[in-house]
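Novice: just the structure for this:
(2 chains)
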Amino acid sequence: MPSESGHLKFHCGASRSVAKSKMIVIRQQDKKDASPLSTLHNATTVNVTKEMWKSLSFVQCWPSVIQGAHSKCGSVAARRNPKSDSLPSPDSRRRPPARWSQGRKRGADGKLRQQDDADSTLFDDQEKGSYDNPHLDQRPPSFTTPEAEGPFPRCSDWAKCVEEEELRTDVRKDMQRYRRRILVNEIHDRERKASSGSSDSRDSPVPAELETDERVLMRRQKQINYGKNTIAYNRYIEEVPRHFRQPGIHPRTPNKFKKYSRRSWDQQIRIWRVALHAWDPPEEEGSDLQAIEPIDLDDMEVESGASGSTESETSSHYMKACKAPASTPENSCSGTPNKMRRTENEMESAFDLGACLADTEDGSLWIS
Amino acid sequence: MENATKEEYKIQSFDAKTQQLLKTALKDPSSVDLEKVANLIVDQSLKDQVFSKEAGRICFTIVQAEGRQAGSNVFRRNLLNRLQQEYKTREETRSRSVQEWVCYVTFICNIFDYLKVNNMPMMALVNPVYDCLFRLSQPDSLHNEEEVDCLVMQLHRIGDQLEKMNVQRMDELFFLLRDGFFLQNELSSLARLLLLEILEFRASGWRLSDSAQKYYYSEVTD
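Specialist: Numbers count the residues shown, from 1 in each chain, chains lettered A, B, ... in the order given. I've put the predicted structure just below:
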């Protein structure tokens, strides 16, 4: 009916303008907000709307609209009723399955388990500190997105999760930079060989020989971070810019992308950190740290690239000697080289010490 | 210079002593008790709506400053611990004070927006933020204009980022919003308008078309 629809349009239009004016007022109140709509500050505006709403017989036009909508989408609404909980009740969901049945396709009777089997393995591997709250139980325990690698488990400790995430992304960034670096070096090597005809025994490590296991890389990076977050390291890098570093004298950060055994790596780290102690801040006034005895490692240099996993007792003996704590930095400086010289003949190739302290082609130049 | 800092980080609502502490934290984080600073910031965010909308920025600056100066993460760790604590008690907070609850949601979303890790949003916050938005989409919250306003504001600010992190949950959230829009009786007209706008906003790829912009935000002369 034309009059009815005219009536409808009038009321809708009037109500619309009221609400819209309110939206605009809010927007003006909060210009700095990125969102055009923002918190309500003006209580009076709210009341005006409600009053006007009641006075307009606006409500009259809605029922017909809603009826129509309901009849069309009634089934949809019923299906998607937020009240009814299609998810299992909290209790049944939280009950863990009997151990034996975990992950098994078949039940005890040999029959294949159905999807709604109470003993199935669909139980949350949620955070241990999960709280029982009816509102919260509506959320599924994990979520998958098509783009993601898999479901995101909820973390029980946000701070720890974020730190781990940061470590992981740092490591990935480093990996990309390192790979690019190798490629660049490879190209340079090839050009050099082509033009000079010389053969270079110090080739860049082939990408296939890189350490790529993220857990390993993250662990190593954490160890490096401990060393770098020291006063000694900060003083060291301030005092000795990278291009002034001399092999054997100046400690070099171990290269986490090279393949090493776990023990070999841990030892490299220990040696590096001990060497860094030379730059510890003076404990008392006047102690002189400038005179650092160069660590004579030339006799001990071993083949780079070796990554044997065997360790001999002499190695650990060597390490014990190195780890002898010194009361003053000077002691550790002067003491260590002597001890190292003593055991030099007992060195094993597993150390790959050369890579740590000598000048290698790729080095740690990329490490900032 | 003084006022610029105050203005940039919106710390006007703090008392003078605290403002000074915050300014020091920005320049020389190692010299202050960062746990205390984190608590001060969280406490204020729960009380002050203006601050809760922009607190992320000052937090980010302190995190950066501490990282550069000391290579540590004390401030961020404490901040996240507090945030997580408040998250666990959010239902009680909401029963006690809707305003505080709304401040909390604004704050955690702001942190999500600003505190990036290697230029990526913090994964750890994705699900908690979604949880908060889901809560805001429940019928009881939709009847409260304050909460609807908060909901759509957050979606305007971080909706696209959230969606990238987890499309599935965003889809589910919008199922709820559609339901809320046409199934809930007696929603205020403003609430419905806000919901309609956010539905359109997302449908257009997290931006408003020119005509929609004109419809929702131009001065009305009927």
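Novice: could you pull out the strands for chain B?
Specialist: Per DSSP state E, chain B has strands spanning B:116-117, B:120-121. These are given in chain order.
Novice: closest to A:Arg180 out of the ones you listed?
Specialist: Of all these, it is strand B:120-121 that lies closest to A:Arg180, at 20.3 Å by CB to CB. To be clear about C-beta, it is placed using only N, CA and C from the backbone, and glycine gets the same treatment.
Novice: how far is that closest one from where the chain is centred?
Specialist: 15 Å (CA atoms, centre = their mean, to the nearest Å).
Novice: adjacent strands (with direction) for it?
Specialist: According to DSSP bridges, the neighbouring strands of strand B:120-121, each with its direction, are strand B:116-117 (antiparallel).
Novice: before we move on, back to that, now the strands of chain B as CSV including mean pLDDT?
Specialist: As requested, the strands of chain B are arranged in CSV below (pLDDT from 0 to 100):
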stretch, mean pLDDT
strand B:116-117, 94
strand B:120-121, 94
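Novice: what about A:Tyr236, how many residues close to it?
Specialist: As a burial measure, A:Tyr236 scores 20 neighbours (other CB atoms under 10 Å in any protein chain shown).
Novice: ok, for it, nearest residue in space, not its chain neighbours?
Specialist: Counting by CB to CB, 6 or more residues apart in numbering or on different chains, the nearest residue to A:Tyr236 once its immediate chain neighbours are dropped is A:Trp279, at 4.2 Å.
Novice: which neighbouring elements make contact with the longest helix that chain A contains?
Specialist: Of all the elements of type helix in chain A, the one with the most residues (DSSP state H) is helix A:158-196. Other elements packing on helix A:158-196 under the criterion 3 or more CB pairs under 8 Å, 6 or more residues apart in numbering or on different chains; DSSP states H and E are helix A:214-228, helix B:74-88, strand B:116-117, helix B:123-136.
Novice: list the buried residues of that helix.
Specialist: Judged by neighbour count (16 or more other CB atoms under 10 Å in any protein chain shown), helix A:158-196 contains these buried residues: A:158-159, A:161-168, A:170-171, A:174-175, A:178, A:182, A:185.
Novice: if we can go back for a sec, of the helices and strands packed on helix A:158-196, which is nearest B:Tyr104?
Specialist: Checked against CB to CB, the stretch from the helices and strands packed on helix A:158-196 lying closest is helix B:74-88, at 5.7 Å.
Novice: and the average pLDDT for that closest one is what?
Specialist: Averaged across helix B:74-88, pLDDT comes to 97.
Novice: any idea how far that helix is from the middle of the chain?
Specialist: The offset between the C-alpha centroid of helix B:74-88 and the centroid of the whole chain comes to 15 Å, using CA atoms, centre = their mean.
Novice: and the spatially closest residue to A:Leu217 that is not a sequence neighbour, what pLDDT?
Specialist: If the residues on either side of it in the chain are set aside, A:Leu217 comes closest to A:Val171, at 4.6 Å by CB to CB, 6+ apart. pLDDT recorded at A:Val171 is 95.
Novice: hmm, A:Val171 is touching A:Glu214, no?
Specialist: Yes - at 6.5 Å, A:Val171 counts as touching A:Glu214 under the criterion of CB atoms under 8 Å.
Novice: could you check how far B:Thr106 is from chain A?
Specialist: Relative to chain A, B:Thr106 is positioned 8 Å away (criterion: CB to the nearest CB, to the nearest Å).
Novice: now for B:Glu35, how many residues are close by?
Specialist: Counted with other CB under 10 Å, B:Glu35 comes out at 15.
Novice: so who does it touch?
Specialist: Contacts for B:Glu35 were tallied using CB atoms under 8 Å, 6 or more residues apart in numbering or on different chains; they are B:74, B:78.
Novice: can you do 6 Å?
Specialist: B:Glu35 makes contact with B:Asn78 under the criterion CB atoms under 6 Å, 6 or more residues apart in numbering or on different chains.
Novice: so what's B:Gln44 up against?
Specialist: Taking CB under 6 Å, 6+ apart as the definition, contacts of B:Gln44 comprise B:Phe51.
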